[in-house]
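Enquirer: generate a structure from the sequence data that follows.
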Amino acid sequence: MNFDADAPIFVISVAAELAEMHPQTLRQYDRMGIVTPQRSPGRSRRYSRRDVDALRTVQRLSQEGVSLEGIRRVMLLENQVRALQSRVTELSAELARARAGGSFDPSRVFAAGMAGDVVSLARGQRPRPRSQAVVLWRGLAR
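Expert: Okay, the predicted model is just below:
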């Protein structure tokens with residue numbers, strides 16, 4: 001049986017017991033944005049298995065002497081790393097599909113303008129000087 005680690009299934013009392021914390025501590029962490037559970041339609045907190053694991057991490061870091069602000073920053077960075085890893089996986093799959101479908105052109109160049117827009121250029125083509133684009137990525141050779 002597969003268990004979805006992100007399924008919001010634990011009420012606060014159960015999550016507190018699993019994390020070996022007081023429910024009030026979980027409320028404080030939620031207010032501070034350290035571990036933010038999902039909410040049920042009735043607005044009560046619902047914790048996932050991943051949330052409980054995060055609470056245990058918070059407890060471990062706290063016992064090691066890390067401040068709550070430091071813990072909040074660590075958790076934020078861990079979430080960003082997880083999101084970026086997921087994005088890399090998506091882009092890798094997209095690249096593999098493009099290569100398999102024959103639509104991958106390793107000679108294409110992508111540039112970014114001052115406004116953050118992305119421009120695709122043909123091989124040997126330069127971005128217009130007024131756009132002041134910067135070359136960001138060149139297609140990888142097969």
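Enquirer: would you mark the buried spots in stretch 26-40?
Expert: Neighbour-count burial for stretch 26-40, counted by 16 or more other Cβ atoms under 10 Å, picks out 26, 29-30, 34-35, 37. To be clear about C-beta, it is placed using only N, CA and C from the backbone, and glycine gets the same treatment.
Enquirer: show residues contacting that stretch.
Expert: 8, 12, 15-16, 19, 45-48, 51, 54-55, 58, 68, 71-72, 75 (Cβ atoms under 8 Å, 6 or more residues apart in numbering).
Enquirer: the residues you listed in helices, which ones?
Expert: Among the contacts of stretch 26-40, DSSP state H puts 12, 15-16, 19, 51, 54-55, 58, 68, 71-72, 75 in helices.
Enquirer: for Val14, list the residues it contacts.
Expert: Contact partners of Val14, counting by Cβ under 8 Å, 6+ apart, are Tyr47.
Enquirer: the strands in this structure, which residues?
Expert: For the chain, the strands defined by DSSP state E cover 38-39, 45-46, 109-112, 118-121, 134-138.
Enquirer: hey, least reliable of the ones you listed by pLDDT?
Expert: Among the strands of the chain, strand 134-138 carries the lowest mean pLDDT, a mean of 48.
Enquirer: in PyMOL, select just the buried ones from the ones in helices among the contacts of stretch 26-40.
Expert: Selection of buried members from the ones in helices among the contacts of stretch 26-40 for PyMOL, criterion 16+ other Cβ under 10 Å:
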select buried, resi 12+15+16+19+51+54+55+58+71+72+75
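Enquirer: out of the ones in helices among the contacts of stretch 26-40, which is nearest to Phe3?
Expert: Lowest distance from Phe3 to the ones in helices among the contacts of stretch 26-40 (Cβ to Cβ) belongs to Asp51, with 13.7 Å.
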